[in-house]
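Chemist: Return a 3D structure for these sequence lines:
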Amino acid sequence: MNKKKIVIIGGGAAGFFCAANLDPDKWNVTILEQQSDVLQKVKISGGGRCNVTHACFDPRELVEFYPRGNKELRSVFSRFQPGDTIHWFDERKVPLVAEQDNRMFPQSNSSQSIIDVLVNEVVGKGFEIKTRSVVSAIEFDGSHFHIKTTAGNISADVVVYTTGSSPKSLQLIQQLGHQVVAPVPSLFTFNIKNELLKDLPGTTFPNAQVSIPELGTEESGPLLITHWGLSGPAILKLSAWKAREIASCNYRFSVVVNFLGMSDKNATEVFLKFKKENPKKSVGSSKIYDITNRFWHRVLWLSKVDLEKSISAVSAKELQQIVLNLCKTTMEVTGKSTHKDEFVTAGGVDLKEINFKNMSSKILPHFYLAGEVLNIDAVTGGFNFQHCWSEGWIIAQDLNAVEI
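Modeler: Down below sits the predicted model:
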């Protein structure tokens with residue numbers, strides 16, 4: 001049997017998972033990667049541990065974590081979801097374990113385990129991996145693709161396009177006739193200069209709430225003070241769901257932060273109860289809320305309350321100011337910060353041009369797309385990788401079913 005040629009452009013999660021599931025008896029496969037190393041995002045994700053997926057096994061629930069692509073992914077996840085991902089890696093002696101928040105990591109706690117199994121699977125099938133291969137042009141003559149790269153030219157019967165969302169890769173796809181939704185950053189932290197945050201990087205709040213009043217949106221979850229402002233799941237969720245609206249504000253807007261995640265009325269009641277039970281205690285040494293001493297002292301300083309004052313002497317007006325600083329602090333966001341290697345975007349190839357039954361292009365025959373090159377993205381927690389695994393698997397099943 002004469003094998004046909006597949007070229008996968010992009011050596012990331014989607015491209016490698018597709019290759020790892022292709023039939024080597026039917027296909028001759030080459031992966032082209034422009035960098036010197038493959039699977040770079042896999043390597044650095046989760047602080048080098050790789051947040052492979054999320055323990056959410058109902059496709060209807062799973063799609064709710066995707067600001068863009070949620071309708072289209074319903075059918076994709078009904079065929080390959082996190083349970084299948086877990087099984088796939090487990091079969092290859094790379095067990096995944098769930099953390100308390102349902103994020104899933106390799107038991108080894110090292111992204112290298114994921115990289116090794118994917119590379120070994122691809123190499124073991126006799127497929128070729130070409131690094132430092134920058135694609136400069138793709139031409140289709142009606143039956144074959146001709147791909148120009150810095151490492152020479154290559155022809156293919158089928159192209160699988162899994163490049164991520166770099167401007168150059170989106171430009172190439174536009175030249176082939178696809179429409180692109182202009183990409184904007186998603187999953188970024190907020191740059192904020194505020195006296196309440198100053199010199200307190202690393203301080204965390206387990207159950208905070210953050211809202212953007214002008215966009216009518218609010219998220220809750222853990223919050224983290226950084227050197228530049230605020231981060232953590234509550235911020236990252238806001239940045240994902242409102243990526244386009246925040247971009248249109250030029251990353252300058254107001255947020256209201258509730259560090260306690262409780263109403264000002266409840267926060268007042270908690271304080272008064274503690275005051276009644278501990279009247280002689282100094283307010284500075286009192287552990288009233290689930291916050292660090294350093295942050296509590298900063299709140300008291302900003303509220304103009306002496307740390308040595310007994311808690312019984314705190315006036316109603318002072319308490320009102322303390323609660324305001326804890327539950328209703330308005331801060332000005334002046335920009336964003338993104339981890340350039342883990343960069344996620346909202347935008348990419350218009351989803352109307354994709355057949356989600358097999359991830360093929362509706363514009364070009366024998367052309368498939370998967371991963372971040374599509375206008376699909378998710379909140380943090382393993383979801384961005386999961387749609388890559390699912391889409392790559394679906395492409396492989398479709399190609400393996402082709403009669404040659």
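Chemist: The closest residue to Val299 other than its chain neighbours and Thr204: what is the separation?
Modeler: With Cβ to Cβ, 6 or more residues apart in numbering as the measure, Asn325 is the residue that lies nearest to Val299, at 4.9 Å, once sequence neighbours are left out. For every residue, glycine as well, the C-beta is placed using N, CA and C. Note on Asn325: its distance to Thr204, by Cβ to Cβ, to the nearest Å, is 17 Å.
Chemist: which one of those two has more residues nearby?
Modeler: Ranked by neighbour count (other Cβ atoms under 10 Å), Asn325 and Thr204 place Asn325 first, with 19 against 14.
Chemist: Tell me the secondary structure at that one.
Modeler: Classification of Asn325 into helix, strand or coil gives helix, according to DSSP: H, G, I helix; E, B strand; the rest coil.
Chemist: Grab the nearest non-local neighbour of Lys193.
Modeler: If the residues on either side of it in the chain are set aside, Lys193 comes closest to Thr334, at 6.9 Å by Cβ to Cβ, 6+ apart.
Chemist: So Pro213 is in contact with Lys328, correct?
Modeler: No: distance between Pro213 and Lys328: 11.1 Å, which falls outside the contact criterion (Cβ atoms under 8 Å).
Chemist: Which one's more surrounded, these two?
Modeler: Set side by side, Pro213 and Lys328 give different neighbour counts by other Cβ under 10 Å, the larger being at Lys328 (15 against 12).
Chemist: rewinding a little: now for Pro213 and Lys328: what residues contact both?
Modeler: In the contact map built from Cβ atoms under 8 Å, 6 or more residues apart in numbering, the residues linked to both Pro213 and Lys328 are Val256.
Chemist: for the helix or strand where Gly335 lies, packing partners?
Modeler: Secondary structure assigned from DSSP states H and E places Gly335 in strand 329-337. With contacts defined as 3 or more Cβ pairs under 8 Å, 6 or more residues apart in numbering; DSSP states H and E, the packing partners of strand 329-337 are strand 189-192, strand 229-231, strand 253-258.
Chemist: Now do the helix or strand that comes right after the longest one against strand 253-258, angle only.
Modeler: Meaning strand 253-258. In the C-terminal direction, the helix or strand that comes right after strand 253-258 (DSSP H and E) is helix 264-277. Per axes from the mean of the first three to the mean of the last three Cα atoms, to 10 degrees, the angle that helix 264-277 makes with strand 253-258 is 40 degrees.
Chemist: which residues are contacting helix 264-277?
Modeler: Identification of contacts with helix 264-277 by Cβ under 8 Å, 6+ apart yields 260, 262, 286, 288-289, 311-312, 314, 319-320, 322-324, 326-328.
Chemist: same thing but at 7 Å, please
Modeler: Contacts of helix 264-277 with the rest of the structure, by Cβ atoms under 7 Å, 6 or more residues apart in numbering, involve Leu260, Ser286, Ile288, Tyr289, Ile311, Ser312, Val314, Leu319, Val323, Leu326, Cys327, Lys328.
Chemist: Just the closest of those residues to Ser248, please.
Modeler: Using Cβ to Cβ, the shortest approach to Ser248 within these belongs to Lys328, at 25.8 Å.
Chemist: Distance check, that closest one against Asn293.
Modeler: The span separating Lys328 from Asn293 equals 22 Å under the rule Cβ to Cβ.
Chemist: List the buried residues of stretch 201-221.
Modeler: Thr203, Phe205, Ala208, Gln209, Val210, Ser211, Ile212, Leu215, Glu218, Glu219, Gly221 (16 or more other Cβ atoms under 10 Å).
Chemist: quick one, what contacts the third one?
Modeler: For Ala208, the contacting residues are Ser220, Gly221, Pro222, Leu223, Ala234, Val257, Asn258, Phe259, Gly261, taking Cβ under 7 Å, 6+ apart as the criterion.
Chemist: who's in contact with the third one?
Modeler: Under the criterion of Cβ under 7 Å, 6+ apart, the contact list for Pro222 reads Thr204, Phe205, Pro206, Ala208, Gly232, Pro233, Ala234.
Chemist: Next: the last one.
Modeler: Contacts for Gly261 (Cβ under 7 Å, 6+ apart) come out as Asn207, Ala208, Gln209, Ser220.
Chemist: Give me the buried entries from the contacts of helix 264-277.
Modeler: Those of the contacts of helix 264-277 that meet the buried threshold are Leu260, Ser286, Ile288, Tyr289, Ile311, Val314, Leu319, Val323, Leu326, Cys327, by 16+ other Cβ under 10 Å.
Chemist: Can you add distance to Thr189 and pLDDT and give these back as TSV?
Modeler: Putting these into TSV (distance: Cβ to Cβ, whole Å; pLDDT from 0 to 100) gives the following:
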residue	distance to Thr189	pLDDT
Leu260	21	98
Ser286	31	96
Ile288	28	97
Tyr289	24	98
Ile311	35	96
Val314	34	96
Leu319	32	98
Val323	26	98
Leu326	21	98
Cys327	22	98
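Chemist: got the residue ranges for the helices in the protein?
Modeler: 13-20, 40-48, 59-62, 70-79, 82-91, 111-124, 167-175, 233-241, 243-248, 264-277, 293-302, 316-327, 383-400 (DSSP state H).
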